[in-house]
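Student: this is a predicted model, with the sequence first.
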Amino acid sequence: MKKKIITIIAVIVLGMVIFLSFPYLLDQDPKNKLKKIGYTTEEQNAISKLSKETQNYLEHKPYQDNLLEFITNKDFKEEYLEKYLEWVIPNMKSEDIIYIVNNNYIHDNYDNNTLSLMRQEYYIDNNLNRYLAYQTENQTATGEDVIAYINSNVDLGFYENTESTDLSKGILMIANKHYTLGEYVPENLVSIDSNYGKTGYLVKEAYEALKKMFDDANAQGFSLKINSPYRSYTTQVTLYNNYVAKDGITIADTYSARAGFSEHQTGLAADITSKNTNFDSFDTSNEFKWLQEHAHEYGFILRYPKGKDHLTGYMYESWHYRYIGIEAATYIKDHNITFEEYYAYFVK
Ligand code: DAL
Ligand code: ZN
């Protein structure tokens with residue numbers, strides 16, 4: 001009898017405990033918490049797929065009316081959710097917030113123009129103020145033009161604000177009217193066999209690639225030959241001064257580099273023509289056509305293409321080829337950009 005009473009009391013007590021703790025247990029249920037905050041079933045389901053940590057974070061925040069837009073965006077990254085939600089720019093679309101946060105393009109002010117620059121393929125965030133300054137001066141320039149121009153440092157002026165080039169970039173080192181080589185001499189120059197044209201020197205890796213290219217082309221009946229390979233600082237001094245004496249500085253600067261700024265001094269560039277053509281007629285030769293199609297397969301690019309002189313600083317030169325390796329050369333050919341643009345975005 002006594003046992004029975006104790007059991008009944010125990011059952012009643014247990015029942016009371018469960019009954020009293022029911023609201024508490026309910027409250028621990030994340031879905032219930034989220035519901036209380038104001039999230040719809042659809043939103044609750046989306047949230048339940050996120051990590052426990054994120055769920056906990058959302059359970060302690062007021063209702064976020066654009067949350068579902070963020071979570072369902074194809075570029076949504078859960079680790080940035082806090083930034084998407086807390087970094088609020090009035091009237092900005094969630095897709096733009098995601099794009100900016102994912103790329104870390106964080107600034108104080110945004111307008112549609114800034115956003116459209118940021119969406120350009122080769123946009124570099126450090127250059128934003130220069131893009132905007134250039135646009136103010138050149139109202140008709142397209143976004144693409146602005147990016148190409150500034151990434152090529154043309155706003156800094158040719159031969160003004162120059163800086164030493166980064167030699168550690170190896171075969172991707174750049175030499176142009178902004179980046180100087182000083183009196184640099186490449187370490188691994190090798191002597192060119194006279195079968196390949198004018199004798200002289202090239203950096204070994206570039207020479208090996210060039211030989212392969214010439215061998216393949218010439219085996220198919222073409223006749224590529226080297227016209228001018230490596231040139232030292234002092235050779236370029238003489239060459240440039242002669243051109244200035246002949247044509248004056250302004251014209252000489254359109255086709256000849258000043259000493260310290262010539263790509264020939266890297267040992268990675270060569271002027272190439274064919275047996276039957278000189279510089280001026282090379283453009284119309286079959287050899288030129290072959291190079292147009294195949295140079296990138298050997299790691300070479302046409303360095304000063306037609307219509308890009310405002311970026312490269314030099315008039316079109318059908319004969320000047322630069323070795324940068326197959327990957328970079330293929331990219332540049334496929335995307336029709338200059339080495340200046342490639343360097344700013346991928347190398348620097
Ligand atoms: N002709 C090219 C630009 C040079 O002088 O290096
Ligand atoms: Zn050249």
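Tutor: Looks like it came in fine. All figures in this text were calculated on a predicted structure; none of them were measured in a lab. Ligands and ions are numbered 1, 2, ... in the order given.
Student: going forward, measure contacts between C-alpha atoms and count neighbours the same way
Tutor: Will do.
Student: so where do the helices sit in the stretch 201-348 of the chain?
Tutor: Secondary structure of the stretch 201-348 of the chain (DSSP state H, counting those that start in this stretch): helices at 204-219, 233-247, 249-255, 279-282, 286-294, 309-312, 326-335, 339-342.
Student: quickly check: the second one near ligand 2 or not.
Tutor: No - shown here: helix 233-247 not in contact with ligand 2 (C-alpha under 5 Å from the ion), separated by at least 11.0 Å.
Student: do that helix and ligand 1 meet?
Tutor: No - Helix 233-247 stays clear of ligand 1 (C-alpha under 6 Å from any ligand atom), getting no nearer than 7.5 Å.
Student: for that helix, list every residue counted as buried.
Tutor: Buried positions in helix 233-247, judged by neighbour count with 16 or more other C-alpha atoms under 10 Å: 233, 236, 239, 240, 241, 243, 244.
Student: what helices and strands are in contact with it?
Tutor: Using 3 or more C-alpha pairs under 8 Å, 6 or more residues apart in numbering; DSSP states H and E, the elements in contact with helix 233-247 are helix 249-255.
Student: report the distance from the helix it packs on to the chain centre.
Tutor: Centroid displacement of helix 249-255 relative to its chain, using C-alpha atoms, centre = their mean, to the nearest Å, is 30 Å.
Student: next one: stretch 186-196 to chain centre, how far?
Tutor: Relative to the chain's own centre, stretch 186-196 is displaced by 33 Å; criterion: C-alpha atoms, centre = their mean.
Student: no no, stretch 66-75
Tutor: Worked out by C-alpha atoms, centre = their mean, stretch 66-75 lies 27 Å from the chain centre.
Student: swap in stretch 298-307?
Tutor: On C-alpha atoms, centre = their mean, the centre of stretch 298-307 falls 18 Å from the chain's centre.
Student: stretch 159-170 too?
Tutor: Relative to its parent chain, stretch 159-170 has a centroid offset of 18 Å by C-alpha atoms, centre = their mean.
Student: tally of neighbours for the residue in the stretch 151-300 of the chain that ligand 2 sits nearest to?
Tutor: Using C-alpha to the ion, the closest approach of the stretch 151-300 of the chain to ligand 2 is made by residue 271 at 4.7 Å. By the criterion of other C-alpha atoms under 10 Å, residue 271 has 18 neighbours.
Student: return the residues in contact with it.
Tutor: Counting by C-alpha atoms under 8 Å, 6 or more residues apart in numbering, residue 271 touches 226, 227, 228, 229, 319, 320, 321.
Student: which non-adjacent residue is nearest the last one?
Tutor: Nearest residue to residue 321 in three dimensions, chain neighbours excluded: residue 302, at 4.8 Å (C-alpha to C-alpha, 6 or more residues apart in numbering).
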